[in-house]
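>>> Next one to model:
(one chain, ligands or ions: 2)
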Amino acid sequence: MQLWKECKKLLRSLVFPDVCIHCHQPIITKDAIADDIYHHAMAAFVCENCIKDFQAGHDIKCSRCGEAAIENTHSQTCHACEKYQNSFDKVRFVGLYQGTYKQLIHLYKFKNKRQLAKPFAYLLGQKLVSCHDYFPIDIIAPVPLHISRLRERGFNQSLLILWQWRDYLSKIEPKLLIRTRSTQSQINLTRSQRMINMISVFQLNPEFLVEGKRILLVDDVYTTGATVNGCAQELINAGAKCVNVLTLARA
Ligand SMILES: [Zn+2]
Ligand SMILES: [Zn+2]
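Ligands and ions are numbered 1, 2, ... in the order given. Okay, the predicted model is just below:
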């Protein structure tokens, strides 16, 4: 039986070879035993060559946002976290927003490669279970898209990932926050400009009470924190006990 299964798999791979979603080369070692979480998640989607440049994070980093350099060696937090007093407690992320990993997030968000929701969900889930200080969690919510962006893309990239988290389905609230207006692309804005751009963009859905709740916010990429801070501010103002953030990547 096992032999027959192996033969079928071999025949299938000869007729329909699996190719890397990034470079389109055949994936040769997709059944190889993966030695780390990223390999394990991505082995069926990305070739060995493209997997190699993944970086989980910095060696020395801010305990709140994960930023690489901590200017003041006596402090556990970076200059930006001390200066801006974000409304969220902590940010944890799967990997750095660079190389192939960055391209994969682009393919997922902008080229409709929705099959990547599954490995991304696995990676985020593994990250979450390692964040002991995030538990217990009362509510899990994605950063919402404005309705116009949602129509254009067809899906909320964070929510599609969250639906894969079978163990947490009862805690997921896709409509906890409402994005009241579409914000311009923030790529070329400074942190202060982004913060201003985000003022009153998010509103708590009046159907929900968050008083005393511990909330996990999920987003794809953390850049300056302006977006998740806008969400967290609204939740904290409404009485939430704490807001922690989990993202696929950190820019
Ligand atoms: Zn490749
Ligand atoms: Zn920081």
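>>> any low-confidence regions in the stretch 1-150 of the chain?
Flagging of the stretch 1-150 of the chain using pLDDT under 70 yields the residue ranges 1-2, 8-17, 29-35, 70-73.
>>> Can you show me the helices along this protein?
Counting by DSSP state H, the chain has helices at residues 2-15, 37-42, 48-51, 79-84, 99-110, 117-130, 147-153, 157-162, 191-197, 226-237.
>>> now those helices as TSV including distance to ligand 2 and mean neighbour count?
Using the backbone N, CA and C atoms, a C-beta is placed for each residue, glycine as well. TSV is the format used below for the helices of the chain (distance: least, CB to the ion, whole Å; neighbours: other CB atoms under 10 Å):
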stretch	distance to ligand 2	mean neighbour count
helix 2-15	45	9
helix 37-42	23	20
helix 48-51	28	18
helix 79-84	3	15
helix 99-110	21	18
helix 117-130	17	18
helix 147-153	28	12
helix 157-162	21	22
helix 191-197	12	15
helix 226-237	12	22
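>>> and stretch 243-251, does that touch ligand 2?
No. Judged by CB under 5 Å from the ion, stretch 243-251 stays clear of ligand 2, getting no closer than 10.3 Å.
>>> For that stretch, C-alpha coordinates in PDB please.
As requested, the backbone C-alpha atoms of stretch 243-251 are provided in PDB (Å, rounded to 0.1, in the frame of the first residue of the first chain):
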ATOM      1  CA  VAL A 243      -3.500  44.800  23.200                       C
ATOM      2  CA  ASN A 244      -0.600  42.700  21.800                       C
ATOM      3  CA  VAL A 245       0.400  42.400  18.200                       C
ATOM      4  CA  LEU A 246       1.500  39.600  16.000                       C
ATOM      5  CA  THR A 247       2.600  40.100  12.400                       C
ATOM      6  CA  LEU A 248       4.100  38.000   9.600                       C
ATOM      7  CA  ALA A 249       7.000  40.400   9.200                       C
ATOM      8  CA  ARG A 250       8.800  43.400  10.500                       C
ATOM      9  CA  ALA A 251      10.200  46.000   8.100                       C
END
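>>> Give the buried residues for that stretch.
Within stretch 243-251, the residues scored as buried using 16 or more other CB atoms under 10 Å are 243-250.
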